[in-house]
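Enquirer: With the input below, show me the fold.
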Amino acid sequence: MATVATNECLSQSGLSRRLIDPRRNPTPVGRDQPPASDVFATRLFSIPSSRRTFLNESHAAFGAIQDVYLDYVGSLQRMGRDPRGATLPQENSRRLSKMYKDSIYRQVTSFSQRLAVGDPHSTVGEEDLNQDNVSRPSTADEDECDRLSQCAVAWSLLEILYTPSTEGRSFVDEYLSWLNRNFPRPSVAEGQEIAQTNPIASHPRFWPYVVDLVLQGHTTLILEILRQVKPLDLITSYDGIDESAQLDLVANGDKRVTQIQLALSTAAHLIETLPQRRAHASSAEFLMRWNEWKTLAERWAVKSLPTEAEPLRAVFQILSGNAKAINQHSVSWQQSLGAILFYKAPTTPADQATEFLYDCAHLPRDFHYELTGEEEEDISLSTDDEEEPDVGMDDEQDKDESAKDSSMDEESGLESEPSSITSDQSSRNVTRPEELASPLDRTLLALIQFDQASVIRYSQQIDIWLVTHLADFLDKLGYLDEVSASVHNNIRDFFVFAYGESLITSAHYWQLGVYYLSSCPGSGMAAIEMYLTRLPLDTERKIRKVLALLQSYGLDYAYQTVCRTVARRHLDDGHYGTAISYYVQAAEPRRVAHIAELLLLDYIRTGSQAAYQTVIDNLATQVEFSEKLQFLSEYRDFHELRRTGAYRSAAQLVVKLINHKIAPKRFWLMLIFDALPLLEGNDVVFNAHETSELMNGLEEITASHLRDEYLGVDAPLWTRLMGEEVSVDQKLAVIRTALVRNLARAVLFMS
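Expert: Predicted coordinates:
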């Protein structure tokens with residue numbers, strides 16, 4: 001698979017991440033200064049919106065891993081044990097890894113369905129689009145599918161190497177399953193074509209097809225195919241002769257048929273009786289059965305075969321674990337390694353698989369010489385010049401065969417020369433590999449070698465998602481401790497932080513970015529604070545989400561900053577109630593007081609109570625945050641009491657607002673003005689003491705050095721009442737007259 005280049009994007013702060021060596025002072029690495037081997041480079045990536053479902057699913061897996069790990073650390077602390085160096089419990093690692101793997105494969109399947117719509121040979125049509133919600137392919141789908149396919153291949157190999165099987169399967173069995181899922185061979189179309197041929201053995205691709213099946217470990221299918229092959233199907237000298245005549249020739253002693261039948265039945269027997277680890281109670285029993293089986297396979301690998309049955313030699317050689325034959329017929333190092341492990345060392349544990357890379361062909365050129373330390377030279381495994389063994393039919397040759405078989409029983413480790421099946425040589429490059437290692441190859445090889453530093457280095461060239469989750473998972477398993485120590489930096493946090501930055505700068509994934517950054521101690525919270533306070537807040541829903549996140553992480557300063565920003569925007573738009581609500585959350589009493597004054601001044605200017613009454617009704621308990629809000633609330637109550645005829649309660653409230661100085665002094669004259677109808681009414685609602693309090697309040701503001709400010713605020717109210725502008729002296733005369741009259745009436749009423 002080709003490596004897919006990832007587009008860069010700049011963060012909102014306008015800064016892009018630079019290559020640095022974490023062990024030294026941060027130093028940019030320029031074009032003429034290649035990074036050292038222990039430098040990990042990262043940058044902000046643009047992540048396509050088509051990944052929305054996949055990223056949400058994989059984030060759920062990420063969160064589950066963090067929860068399990070933290071729960072385990074907490075349990076250690078409760079038991080009084082040191083949690084430093086704690087790793088993810090093994091019994092959970094495979095289950096958690098599978099969550100990642102399944103989410104990747106689901107996304108790859110989704111992309112494959114979309115791509116299949118554009119394929120003229122695809123069975124996905126318009127009806128499928130409507131039924132299965134399969135959208136039409138875009139130009140980026142193929143690229144995205146390729147990239148995620150590489151992620152799936154790498155992650156599924158990580159799973160079988162680094163996490164124990166929950167089903168008791170051996171590593172070799174799991175590797176073959178991985179091989180057949182990610183590098184399937186041979187193709188289904190090829191098998192269907194061969195199956196339609198009669199007899200099937202006459203198809204020119206039959207034997208290469210069988211060999212491919214053997215290399216991939218498809219034992220059931222191989223057995224089914226071999227049982228369909230008849231000896232007469234392989235004897236070309238019988239072509240053109242009817243079946244009865246062929247049977248007559250066989251009856252007259254044509255030993256070729258017997259020998260071919262024996263070779264076919266032996267191959268089928270070997271396939272059928274291939275020992276399986278799970279079928280044996282102990283390793284010792286399995287190895288005993290395996291050695292018996294392998295001895296028979298080795299014997300037939302060197303046994304003289306009729307010319308017509310010679311293609312079976314490749315099958316016997318591969319079954320016997322002949323690495324040279326396996327390499328000759330394999331098409332990739334992955335296939336070569338799988339066959340070598342399966343037929344040569346089936347009990348190999350995961351951490352020893354790297355030893356068999358030395359036996360594999362088709363390794364990328366740069367990796368091959370790095371692995372072996374050899375000079376670049378022709379390492380061709382071609383056997384064009386080798387002589388094929390003569391096939392005889394007499395009894396003497398049979399005796400020679402028996403002698404050779406006996407010698408095989410006495411010798412160990414004997415390897416035969418590989419057979420030559422050349423019908424597929426164009427696709428079976430067995431000479432020195434010419435291609436350089438792709439990032440995927442490098443990642444897979446590093447995984448097998450348990451070289452975690454290289455795993456991180458090369459997986460980041462595939463996709464930012466892959467390196468991030470690999471780093472986190474390997475860190476939780478305890479595999480990155482040495483790597484982090486070597487660079488004096490936490491590799492896991494480094495890549496999770498970079499991934500979180502890439503997400504948080506995206507309009508689609510910023511919430512996911514917050515979750516990833518929050519798992520990075522220290523720097524993660526600082527980044528969340530920085531990015532969320534600069535995030536475009538274009539909807540109330542988004543504002544609520546941001547505030548909820550900041551509150552959940554205890555980022556009080558950032559929470560108040562966002563509230564302040566939103567409040568200012570609503571204030572500029574004239575949405576006083578919403579602005580007050582956000583200023584209350586931002587702990588800004590002065591701003592709230594300012595808006596309360598604006599509402600009162602608006603009432604004085606227009607005479608309409610609707611604006612501030614609506615605001616007060618919507619604020620509910622928030623009115624207690626500011627004294628001026630409390631005044632505004634009680635002022636609204638005063639008008640409501642007066643409107644409903646509760647004059648006595650209204651009068652008491654006015655006195656309370658002035659006497660307890662709940663109302664700002666600049667609004668005292670307005671309160672007394674609003675009380676004029678009560679002072680001049682038929683009923684006495686202010687007693688003598690209350691009237692005296694109002695008079696004292698009036699004298700206090702008239703004697704103040706701010707007299708002009710206090711007495712000029714309510715001018716619009718007087719203008720509307722009188723129909724013309726009224727001087728301060730006229731206002732005071734009217735109010736004082738009303739107060740004196742009410743005082744006299746109150747005294748008379750009391751007496």
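Enquirer: all contacts plus neighbour counts: C-alpha atoms, from now on.
Expert: Noted.
Enquirer: Enumerate every residue touching residue 104.
Expert: For residue 104, the contacting residues are 54, 58, 148, 149, 151, 152, by CA atoms under 8 Å, 6 or more residues apart in numbering.
Enquirer: Out of these, list just those in helices.
Expert: Using DSSP state H, the subset of the contacts of residue 104 located in helices is 54, 58, 148, 149, 151, 152.
Enquirer: If you average the pLDDT over stretch 317-336, what comes out?
Expert: For stretch 317-336, mean pLDDT rounds to 94.
Enquirer: Then stretch 710-722?
Expert: On average, stretch 710-722 scores 70.
Enquirer: what's in contact with the one helix or strand residue 742 maps to?
Expert: Here residue 742, judged by DSSP states H and E, is contained in helix 728-750. By CA under 8 Å, 6+ apart, the residues outside helix 728-750 that reach it are 672-673, 676, 679-680, 684, 686-688, 691-692, 694-695, 711-712, 718.
Enquirer: Give the buried subset of the residues you listed as a ChimeraX selection command.
Expert: Restricted to buried positions by 16 or more other CA atoms under 10 Å, the ChimeraX selection for the contacts of helix 728-750 reads:
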select :672,673,679,684,686,687,688,691,692,694,695,711,718
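Enquirer: Among the contacts of helix 728-750, which ones are in strands?
Expert: Within the contacts of helix 728-750, no residue falls in strands by DSSP state E.
Enquirer: May I have the predicted confidence score for residue 140?
Expert: pLDDT at residue 140 comes out at 66.
Enquirer: just to revisit the earlier point, among the contacts of helix 728-750, name the ones in helices.
Expert: In helices, defined here by DSSP H, the members of the contacts of helix 728-750 are 672, 673, 676, 679, 688, 691, 692, 694, 695, 711, 712, 718.
Enquirer: Next, give me the two most distant ones among those residues.
Expert: Of all pairs drawn from those, the widest gap by CA to CA lies between 688 and 712 and measures 27.5 Å.
Enquirer: one step back: closest to residue 445 out of the contacts of residue 104?
Expert: residue 151 (14.2 Å).
Enquirer: where in the stretch 151-300 of the chain is pLDDT low?
Expert: The model of the stretch 151-300 of the chain has pLDDT under 70 over residues 236-254, 279-281.
Enquirer: Apply 90 and report the result again.
Expert: 164-169, 195, 197-202, 228-261, 276-287 (pLDDT under 90).
Enquirer: can you give me the helices for it?
Expert: Remark: helices assigned in the stretch 151-300 of the chain by DSSP state H, counting those that start in this stretch are 171-182, 188-195, 206-216, 219-226, 231-234, 243-251, 255-272, 283-302.
Enquirer: out of these, which comes closest to residue 551?
Expert: Of all these, helix 171-182 comes closest under CA to CA, at 44.6 Å.
Enquirer: list the helices and strands that closest one packs on?
Expert: With contacts taken as 3 or more CA pairs under 8 Å, 6 or more residues apart in numbering; DSSP states H and E, helix 171-182 sits against helix 141-162, helix 206-216, helix 333-344.
Enquirer: Would you mind listing the buried residues in that helix?
Expert: For helix 171-182, using 16+ other CA under 10 Å, the buried residues are 171, 172, 173, 174, 175, 176, 177, 178, 179, 180, 182.
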